[in-house]
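Novice: Fold the following, please.
(2 chains)
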Amino acid sequence: MVESFKKVLEKDNFIITAEIGPVKGTNTQGMANSINLLKDKVDALNVTDNQSAVMRYSSVGGCLLIKEQGGEPIFQMTCRDRNRLSIQGDLLFAYSRGIENVLCLTGDSLKMGDHPEAKPVYDIDSVQLIQLVRNLNSGKDLSGNDLDGEVDFCIGASATPSADPIEPQLIKFEKKLKAGIDFVQTQAVYDLDELKRFVDYSRNINRSVKILAGVVLLVSAGMAKWMNDNIPGIFVPQNLIDELVKMPKGEGLSKGIEIAGNLIKRIKDEKICDGVHIMAIGKEEKVPDILKAAGILTA
Amino acid sequence: MIGQVKKPIEEILDYLDGKKKIVIYGCGGCATVFHTGGEAEVNEMKDILIKNGKDVLAAIAPPFGEFTCYAPWSKKRMEGYKKQINDCDAVLMLSCGDGLQVVRDILDKEFGLVKAIYPATNPVGHMGGGPSLFREKCIQCGECELGKMAGICPMTQCAKGLLNGPCGGTRKDGKCEVNPDNDCAWVLIYKRLKELGELDKMREILPAKDWSKTQRPRELEVEPLSLE
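Specialist: Below you'll find the model as predicted:
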């Protein structure tokens, strides 16, 4: 994973990213272990930004750890916790330290997290954040002032192919494409027909934007049902839940790895999109097993 | 209107600890509509304070329509109670924070009386609706965007105040992930724009909002109304 993500996007190889969830605290050993395990097996590693509105070690800090270990980080930046000054300052700092990829996100509601009394920011939204990064890339801040020193971020956005209703989501996504992105990492998607429809929509507007389908590792039938009930835009089909239910207690994870592997294999073999973004929440060490199940890594 | 709820009586009695002679002042505007400072609530508060050993020198309940936050009216009203206000240890306001501070200004600057003044309500937002259900509809951002939004304000109706479309958290039934009782503002905006044949408005990227227009405290200078 020594190649820059921007270079990876320019090629036609199947792209694989995974994510690192920062620790709550200062013991970064677990993160370092995950980074060390994954950095040469994937093209880039996202670092989540106070994911699910739970306060953690900062995303830019996690990105620096990845850089220090010779990996390629994708800096997840949400609009929830910083105003436009803080966002720009953090982005300049990140770029100066070799962090060249940013995923522009709205950010989960504070209500979901462990500081529900906090004041949400949302000074700008995810579309405006993309514009802001474009501005930085052109040498200007959001107020049009000149920047001293180069900035050239590779810009990503998220999308929700399984949203219902889908039309408002697609209009928003169209704005993200217009604002100027290089890649998309989607919300978890299990229905590949839905994914195909989304990819067609996106490519009709801009063929060059690379699309990475989100794959969340399922660890149990309970988790799948919980996501269906609680995470809008994620739908795990009943047949996959049934497969997980059939597993003996404690063996759901191996089935989940198989499901994720099969999904990735189909996406790759049928050339449905340009790659996958694997979210093995809290089970980062299982990513190599998923890649083996997908036939991408050999043992 | 200013939505408001009553403060717990314990909090009010804490404020009034050590204060014997009290003037109660309600509001004929929002506080009457929200049952926090109309005539009934002013009388109820009077009874509570008397039961708690206070001397209520005056219980002022302006008639419906007489907003306490409108200084010409409240000044005129208070002139009829100048002695009681002069003699009291504290004024208890059954109004929103606007009403309280307008009255404080009149006391300080017009009457030259520096009086302890306390709130009996918690204001909870600028709201429209009624007769029973009220809801925040406008955050007074200083630059109304409703013309682009089919008449629905996402800065108020969207839990994240997003200007360029929904977050990924729209639930299947078009509800909001933050509060499933609420409709996703952007689903509502989408549906109305579509019905109006104005979906192109949703495709336009709105730039980062100029929040300097909400720099507080904002003030306006207007031609005074003729009340005669």
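
Novice: Measure how buried A:Gly25 is and give me the count.
Specialist: Close neighbours of A:Gly25, defined as other Cβ atoms under 10 Å in any protein chain shown, add up to 9. To be clear about C-beta, it is placed using only N, CA and C from the backbone, and glycine gets the same treatment.

Novice: For it, give me its contacts.
Specialist: Residues in contact with A:Gly25 (Cβ atoms under 8 Å, 6 or more residues apart in numbering or on different chains) are A:Tyr57.

Novice: Can you tell me the SS state at it?
Specialist: Under DSSP: H, G, I helix; E, B strand; the rest coil, A:Gly25 falls in the coil class.

Novice: Next, find the distance separating it from chain B.
Specialist: Distance, A:Gly25 to chain B, using Cβ to the nearest Cβ, to the nearest Å: 27 Å.

Novice: Pick out the residue of chain A closest to chain B.
Specialist: When scored by Cβ to the nearest Cβ, chain A has A:Lys172 as its residue closest to chain B, at 3.0 Å.

Novice: buried set for stretch B:177-190?
Specialist: The neighbour-count check on stretch B:177-190 (16 or more other Cβ atoms under 10 Å in any protein chain shown) flags B:177-178, B:183-190 as buried.

Novice: that older thread, does the residue of chain A closest to chain B lie in a helix or a strand, and which?
Specialist: Assigned by DSSP states H and E, A:Lys172 belongs to helix A:167-179.

Novice: Touching that helix from outside, list them.
Specialist: Against helix A:167-179 from outside (Cβ under 8 Å, 6+ apart): A:104, A:126-128, A:130-131, A:134, A:157, A:159-160, A:163, A:184, A:198, A:201-202, A:205-206, A:209, A:233, B:164-166, B:168, B:170, B:184, B:186-187, B:189-190, B:199, B:202-203, B:205.

Novice: do stretch B:208-220 and chain A meet?
Specialist: Yes - with Cβ under 8 Å from any Cβ of the partner chain as the measure, stretch B:208-220 is seen reaching chain A through B:208-209, B:211.

Novice: Of those residues, just the buried ones, ChimeraX syntax please.
Specialist: Buried subset of the residues of stretch B:208-220 next to chain A, written as a ChimeraX selection, criterion 16+ other Cβ under 10 Å:
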select /B:208,209
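
Novice: from the residues of stretch B:208-220 next to chain A, which is closest to chain A?
Specialist: Chain A has its nearest neighbour among the residues of stretch B:208-220 next to chain A in B:Ala208, at 4.6 Å by Cβ to the nearest Cβ.

Novice: and stretch B:158-175, how far out from the chain's middle?
Specialist: 26 Å (Cα atoms, centre = their mean, to the nearest Å).

Novice: My error: substitute stretch A:288-299 in the last question.
Specialist: Distance, centroid of stretch A:288-299 to centroid of chain: 20 Å (Cα atoms, centre = their mean).

Novice: Pull out the buried residues from it.
Specialist: Buried residues in stretch A:288-299, counted by 16+ other Cβ under 10 Å: A:288-291, A:293-294, A:296.

Novice: which other residues reach that stretch?
Specialist: Outside stretch A:288-299, the residues within contact range by Cβ under 8 Å, 6+ apart are A:14, A:16, A:37-38, A:41, A:215, A:217, A:257-258, A:260-265, A:268, A:278, A:280.

Novice: give me that answer again for 10 Å
Specialist: With contact meaning Cβ atoms under 10 Å, 6 or more residues apart in numbering or on different chains, stretch A:288-299 is reached by A:14, A:16, A:18, A:37-38, A:41-42, A:215, A:217, A:253-254, A:256-269, A:276, A:278, A:280, A:283, A:286-287.

Novice: Pull the number of nearby residues for A:Asn135.
Specialist: 18.

Novice: Is it correct that it falls within a strand?
Specialist: No - under three-state DSSP, A:Asn135 falls outside any strand and is assigned helix.

Novice: How is chain B divided into domains?
Specialist: Chain B breaks down into these domains under automatic domain parsing: B:2-126, B:137-209.

Novice: Make CSV from those and add mean pLDDT and distance to A:Leu244 to it.
Specialist: Shown next, in CSV, are the domains of chain B (pLDDT from 0 to 100; distance: least, Cβ to Cβ, whole Å):
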stretch, mean pLDDT, distance to A:Leu244
domain B:2-126, 98, 45
domain B:137-209, 96, 21
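
Novice: what would those look like in JSON lines with distance to A:Asn46?
Specialist: As requested, the domains of chain B are exported to JSON lines (distance: least, Cβ to Cβ, whole Å):
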{"stretch": "domain B:2-126", "distance to A:Asn46": "37"}
{"stretch": "domain B:137-209", "distance to A:Asn46": "15"}
